[in-house]
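Colleague: Could you work out the structure for the sequence below:
(one chain, ligands or ions: 2)
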Amino acid sequence: MLKRARVLLLNAALGPLDYRVDPEHRVEPGSIVLAPLGPRQLAGVVWEPERMPADAEVGDNRLRPLVGVYDLPPLGAPLRRLIEWTAGYYLAPPAAVLRMALASASALDGGRTITEYRLTGHVPPRLTPQRAQALERIGERQGLVRELAMIADVSDAVIRGLVKAGAIEPVEVAVDTPFAPPAPDHAPPALSPAQAEAAAALTAAVKRAAFAPFLLDGVTGSGKTEVYFEAVAEALRQDKQTLVLLPEIALTEPFLKRFTTRFGHAPVAWHSDLRQSQRRRAWRAIASGEAKVVVGARSALFLPYRALGLIVVDEAHETSFKQEEGVPYHARDVAVMRGRFEGCPVVLASATPAIETQHQVALGHYAALGLPDRHGGAQLPDIAVINLLKDPPPRGRWLAPTLVAALAETLAREEQSLLFLNRRGYAPLTLCRTCGHRFQCPNCTAWMVEHRLMARLACHHCGHVMPPPRVCPECSEENSLVACGPGVERIADEVAALFPEARAAIVTSDTLWSPAKAAEFVNRMEAGEIDIVIGTQLVTKGYHFPNLTLVGVVDADLGLSGGDLRAAERSFQQIAQVAGRAGRGEKPGRVLVQTREPEAPVIRALVSGDAASFYAAETEARRSANAPPFGRYAAIIVSSEALDDTVATARLIGRNAPAVDGMAVFGPAPAPLAMLRGRHRQRLLVHARRQLAVQDVIRDWLGALTWPRSVRVTVDVDPYSFL
Ligand code: ADP
Ligand code: ZN
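Modeller: Residues are numbered from 1 along each chain as shown. Ligands and ions are numbered 1, 2, ... in the order given. Alright, predicted model coming up:
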């Protein structure tokens with residue numbers, strides 16, 4: 001039994017520390033413990049000392065004793081290896097990665113119940129406006145005082161006041177209520193021969209219980225979900241856990257529904273919108289192994305599954321799997337590593353797989369399973385181009401006559417349409433006609449975006465908002481401000497003007513900000529209460545609406561303007577995915593793509609349906625530039641509130657770049673987002689050949705330098721954003 005223990009504490013600024021283990025405590029690697037740190041106590045995890053070197057060896061006689069050991073299953077060795085790997089690969093403090101595994105600090109602390117609050121129905125006389133607002137917004141909801149205060153947008157004190165007044169009452173919620181296990185044979189579908197073949201390969205892999213990465217590559221509507229559900233069923237039979245990662249929490253609700261139809265009970269959901277009691281219950285059930293199937297956003301990846309038997313990454317090409325804040329990791333890639341450490345199959349499902357993934361297939365590392373046809377004889381939609389140079393919309397409008405005519409026909413047939421524009425709000429830029437003043441965010445190198453529905457201008461980077469201006473702040477001219485360019489709200493206005501009777505809905509992260517909102521949207525679509533959806537990338541994926549027969553892409557050129565490494569690939573994926581929403585039922589679908597560049601390779605590939613040559617050309621371009629997946633990039637981002645400190649630090653880093661064979665360093669240069677949240681930003685880009693252990697080089701390089709405390713230096717390995 002261990003007498004001394006090395007503990008990785010939940011504090012990213014600290015390395016591992018050693019503690020004395022008194023006889024009343026039993027610990028092993030992975031044990032979750034409470035340790036003293038100065039006057040405080042902090043949770044942490046016991047680690048193998050040889051895998052987590054400490055800065056200094058402390059003699060036995062000077063060790064402080066552990067305070068306690070939590071009554072929770074220890075973190076398994078595969079998860080500990082994953083945490084080490086993630087920290088090493090992404091150059092992050094191990095404690096920052098550990099924090100994602102212990103994502104629910106409250107789950108650690110005993111208690112089988114938690115006190116939540118809900119309305120009693122009693123309304124006290126003489127309500128203050130704040131109290132009235134709280135009662136109205138809380139409605140049927142229940143949660144901690146803090147959570148209700150957030151929902152109602154009032155202070156905690158207002159909620160407590162309402163508790164005193166008898167309008168809100170406490171309820172004890174059991175956090176250990178068991179989850180009903182899904183039943184593998186509840187309602188299996190009859191699979192087509194191609195589906196059955198793919199499903200057999202996956203179930204065999206689940207039975208083998210060994211690492212095996214798969215690309216499940218099937219056109220939109222081919223039944224990829226039904227196929228990987230068979231693998232889930234097999235994992236259930238083996239009494240193993242399954243993790244399904246989705247790119248967007250808005251997709252959770254439709255997924256839960258569909259899963260319940262197939263397996264009789266819902267899976268356990270994990271995402272940022274959970275209440276604390278739900279989070280605690282889910283975390284504990286995951287750690288105990290009782291949660292058999294977990295569906296979640298990327299944060300579900302690091303949870304302490306007791307017996308993981310299968311990992312599925314759905315819509316695996318989605319760039320939202322890349323985390324940009326905190327530890328910048330790519331959930332798709334980490335999912336594959338987790339499968340390797342756990343010894344289980346990993347399924348990457350996509351109709352438009354990333355070039356990185358296709359390359360792994362070409363190298364023979366991943367097995368590819370293909371579903372070439374839509375289920376039930378549904379045809380892939382016809383994709384046609386509207387050349388905006390030849391068939392332009394009228395002045396001040398954004399929908400070309402051909403698209404408007406198609407919308408009218410679709411409405412007349414009582415079918416549904418979807419207009420796709422990847423821009424939230426009303427207009428991306430507001431400009432003064434008199435003096436040319438543009439409204440910029442005071443904290444960021446970005447325009448303020450007009451949101452007419454919320455009556456304000458907002459920065460999409462830092463969240464800064466301002467009321468819509470009436471006069472120009474520069475020249476004081478009245479009625480001189482004009483909105484430039486369209487966002488979804490402006491398209492919705494155009495639709496309302498063209499088709500006053502049509503029922504339109506705007507779908508963006510502003511309107512679909514929770515799984516419940518997403519469920520409401522799906523229900524309204526299915527009930528036929530919406531004729532025309534106007535949406536951002538949020539509507540491009542996953543959804544299955546059989547009566548949706550027309551998709552219009554408002555501006556296919558938008559995605560290409562950014563010009564980063566993956567711009568063309570991303571445009572292709574996005575348009576192919578949104579096109580895939582059309583004609584999924586018995587009625588055929590059609591897709592109209594508005595563009596000024598009908599000859600661009602992306603557009604030609606979409607129209608001809610020849611994805612293979614497009615991918616081949618893109619892959620060749622990457623190969624000749626030695627860009628990923630052939631070479632590797634890492635970005636070094638230097639930021640601070642002081643411009644001179646930022647520049648000086650970036651230059652210091654640049655000057656000290658080591659000369660390494662097969663590695664080149666570009667920059668420093670001001671980042672395209674030269675200012676973000678009030679911080680100046682400079683970037684360096686490291687370009688290395690694949691085999692080089694570039695992380696080691698960067699660790700030594702930056703480790704030898706010092707800069708002012710106010711300067712932040714972050715490394716983004718395999719960056720997706722070049723801003
Ligand atoms: P994908 O994920 O490839 O886009 P889905 O799995 O969503 O495709 O399938 C599209 C639609 O077809 C869904 O409504 C699904 O339930 C249905 N479907 C697919 N395969 C079958 C099957 N074998 N039997 C019955 N329905 C199926
Ligand atoms: Zn901003």
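
Colleague: Scan this structure for its longest strand.
Modeller: Looking across the chain with DSSP state E, the single longest strand is strand 663-676.

Colleague: if you look at that strand, does any of it touch ligand 2?
Modeller: No - applying CB under 5 Å from the ion, one finds strand 663-676 out of contact with ligand 2, separated by at least 7.2 Å. To be clear about C-beta, it is placed using only N, CA and C from the backbone, and glycine gets the same treatment.

Colleague: Send me that strand as CSV with only the CA atoms.
Modeller: The C-alpha trace of strand 663-676 is given here as CSV (Å, rounded to 0.1, in the frame of the first residue of the first chain):
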residue,chain,number,x,y,z
MET,A,663,11.1,23.1,-39.4
ALA,A,664,10.5,26.7,-40.5
VAL,A,665,9.1,29.6,-38.4
PHE,A,666,7.1,32.4,-40.0
GLY,A,667,6.4,35.7,-38.3
PRO,A,668,5.9,37.2,-35.8
ALA,A,669,3.2,39.3,-37.5
PRO,A,670,0.0,41.0,-36.2
ALA,A,671,-2.8,38.4,-36.2
PRO,A,672,-5.7,39.0,-38.6
LEU,A,673,-7.7,39.5,-35.4
ALA,A,674,-5.0,42.0,-34.2
MET,A,675,-7.1,42.9,-31.2
LEU,A,676,-9.4,40.5,-29.4
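
Colleague: In its sheet, which strands sit next to that strand, and in what direction?
Modeller: Applying DSSP bridges, strand 663-676 is found paired with strand 679-689 (antiparallel).

Colleague: export the strand it pairs with as CSV, just CAs?
Modeller: Taking C-alpha atoms only, strand 679-689 is exported to CSV below (Å, rounded to 0.1, in the frame of the first residue of the first chain):
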residue,chain,number,x,y,z
ARG,A,679,-5.7,42.3,-26.0
HIS,A,680,-3.3,42.9,-28.8
ARG,A,681,-2.3,39.8,-30.7
GLN,A,682,0.7,38.6,-32.6
ARG,A,683,1.2,35.3,-34.3
LEU,A,684,4.1,33.0,-35.2
LEU,A,685,3.5,30.0,-37.4
VAL,A,686,5.6,26.9,-37.1
HIS,A,687,5.7,24.6,-40.1
ALA,A,688,7.3,21.2,-39.6
ARG,A,689,7.6,17.9,-41.3
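
Colleague: so does that strand get close to ligand 2?
Modeller: No - Strand 679-689 does not reach ligand 2 (CB under 5 Å from the ion); its nearest approach is 10.8 Å.

Colleague: for that strand, what is the average pLDDT?
Modeller: Strand 679-689 shows a mean pLDDT of 96 in the predicted model.

Colleague: What separation is there between L119 and ligand 2?
Modeller: 37 Å (CB to the ion, to the nearest Å).

Colleague: Who are the contact partners of that residue?
Modeller: Applying CB atoms under 8 Å, 6 or more residues apart in numbering, one finds that L119 lies in contact with 135, 138-140, 167-169.

Colleague: Including neighbour count, distance to Y720 and pLDDT, could these go into JSON lines?
Modeller: Listed next are those as JSON lines, based on neighbours: other CB atoms under 10 Å; distance: CB to CB, whole Å; pLDDT from 0 to 100:
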{"residue": "L135", "neighbour count": "17", "distance to Y720": "44", "pLDDT": "87"}
{"residue": "I138", "neighbour count": "23", "distance to Y720": "39", "pLDDT": "85"}
{"residue": "G139", "neighbour count": "11", "distance to Y720": "39", "pLDDT": "83"}
{"residue": "E140", "neighbour count": "6", "distance to Y720": "39", "pLDDT": "81"}
{"residue": "A167", "neighbour count": "20", "distance to Y720": "48", "pLDDT": "89"}
{"residue": "I168", "neighbour count": "22", "distance to Y720": "44", "pLDDT": "90"}
{"residue": "E169", "neighbour count": "14", "distance to Y720": "47", "pLDDT": "90"}
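
Colleague: which of those residues lies closest to T220?
Modeller: E140 (35.7 Å; CB to CB).

Colleague: And that closest one, its phi and psi?
Modeller: phi -90, psi 0 (degrees, to the nearest 10).

Colleague: That one and F420, how far apart?
Modeller: According to CB to CB, to the nearest Å, E140 stands 33 Å off from F420.

Colleague: Alongside ligand 2, which residues does the stretch 451-600 of the chain contribute?
Modeller: Counting by CB under 5 Å from the ion, the stretch 451-600 of the chain sits next to ligand 2 at 459, 461-462, 464.

Colleague: Which secondary structure element of the protein has the lowest mean pLDDT?
Modeller: Sorting the helices and strands of the chain by mean pLDDT, DSSP states H and E puts helix 105-108 at the bottom, at a mean of 64.
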